[in-house]
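Visitor: How does the following fold in three dimensions:
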Amino acid sequence: MQPDIQPLAPATLPGLLAFFDGDAFSDNPKWASCYCQCFYEDHRVVTWSERTASQNRTIAIERGNAGTMQGWVAIVDGAVVGWCNAAPRALLHALDEEPLADAAATGCILCFLVAPSLRGQGIARALLNAACDGLRDQGLRVVEANPRTGSVSAAQNHYGPLAMYLAAGFAVDRDSDDGSVWVRRPL
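Guide: Here you go, the predicted model:
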């Protein structure tokens, strides 16, 4: 299956919202309230646990229309069936407390969602390739991601499987306190 991969834009935002409201979290409903806003927030300012789904949906609409929420959608038969949250690190304020020397030149890939019935068919890999190309086209020089080692479920792999990153030319850069790793690749 070859999905149509498109950047998040005002035209693709309604499809992404429909995906978030439907299949995206059908097997992990506790995350359905996020609307992929967690990393866009400065957690020193926003108490994330108090944010509601309605608030996050509204903010996702605002950011999606303004271009301050970025990523790529996978479309099959006219419907969004996958999402990759990928943006310049400067937009991802949850990471502000973890400074990087090259932060201004770094893009981050933080979440993958693929409809459960379509997993394992290359959609995440197609989204990863589009995200890397799109971040490079924005002038960024390196991309990083934070996969969980030892993930055994789709929910645990929501940052993308480590094996997928390694197969795409990423290399482990550093360990995190939570048992995950940061992987990086030049663009």
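
Visitor: Tell me how far the helix or strand encompassing residue 131 lies from the chain's centre.
Guide: Per DSSP states H and E: residue 131 is located in helix 123-137. Chain-centre distance of helix 123-137: 11 Å, with C-alpha atoms, centre = their mean, to the nearest Å.

Visitor: got it, and stretch 149-157?
Guide: Centre-to-centre, stretch 149-157 and its host chain are 15 Å apart (C-alpha atoms, centre = their mean).

Visitor: now stretch 96-109
Guide: 15 Å.

Visitor: Kindly format the C-alpha coordinates of that stretch as CSV.
Guide: C-alpha atoms of stretch 96-109 as CSV (Å, rounded to 0.1, in the frame of the first residue of the first chain):
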residue,chain,number,x,y,z
ASP,A,96,13.3,23.5,26.4
GLU,A,97,14.8,22.2,29.7
GLU,A,98,17.0,19.8,27.7
PRO,A,99,19.3,22.2,25.9
LEU,A,100,21.2,21.1,22.8
ALA,A,101,24.2,22.9,21.3
ASP,A,102,22.6,22.6,17.8
ALA,A,103,19.0,23.1,18.8
ALA,A,104,18.3,25.8,16.2
ALA,A,105,19.4,23.4,13.4
THR,A,106,17.6,20.3,14.8
GLY,A,107,14.2,18.8,14.0
CYS,A,108,12.5,16.4,16.2
ILE,A,109,10.2,13.5,15.4
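
Visitor: contacts for that stretch?
Guide: Defining contact as C-beta atoms under 8 Å, 6 or more residues apart in numbering, one finds that stretch 96-109 is touched by 39, 42, 44, 84-90, 92, 95, 128, 131-132, 135, 138-146, 159-160, 187. Every C-beta, even on glycine, is put in place using the N, C-alpha and C of the backbone.

Visitor: Can you select the buried ones among the residues you listed for me in PyMOL?
Guide: This is the PyMOL syntax for the buried subset of those, where burial follows 16 or more other C-beta atoms under 10 Å:
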select buried, resi 39+84+85+86+87+88+89+92+95+128+131+132+135+140+142+143+144+145+146+159+160+187
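
Visitor: Among the contacts of stretch 96-109, which ones are in strands?
Guide: Among these, DSSP state E puts 84-88, 142-145 in strands.

Visitor: those strands in this protein, which residues are they?
Guide: 4-7, 71-76, 79-88, 106-114, 142-145, 171-175, 181-186.

Visitor: okay if I get those as JSON lines plus mean pLDDT?
Guide: Shown next, in JSON lines, are the strands of the chain (pLDDT from 0 to 100):
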{"stretch": "strand 4-7", "mean pLDDT": "98"}
{"stretch": "strand 71-76", "mean pLDDT": "98"}
{"stretch": "strand 79-88", "mean pLDDT": "97"}
{"stretch": "strand 106-114", "mean pLDDT": "95"}
{"stretch": "strand 142-145", "mean pLDDT": "97"}
{"stretch": "strand 171-175", "mean pLDDT": "90"}
{"stretch": "strand 181-186", "mean pLDDT": "95"}
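
Visitor: I appreciate the help and will end here.
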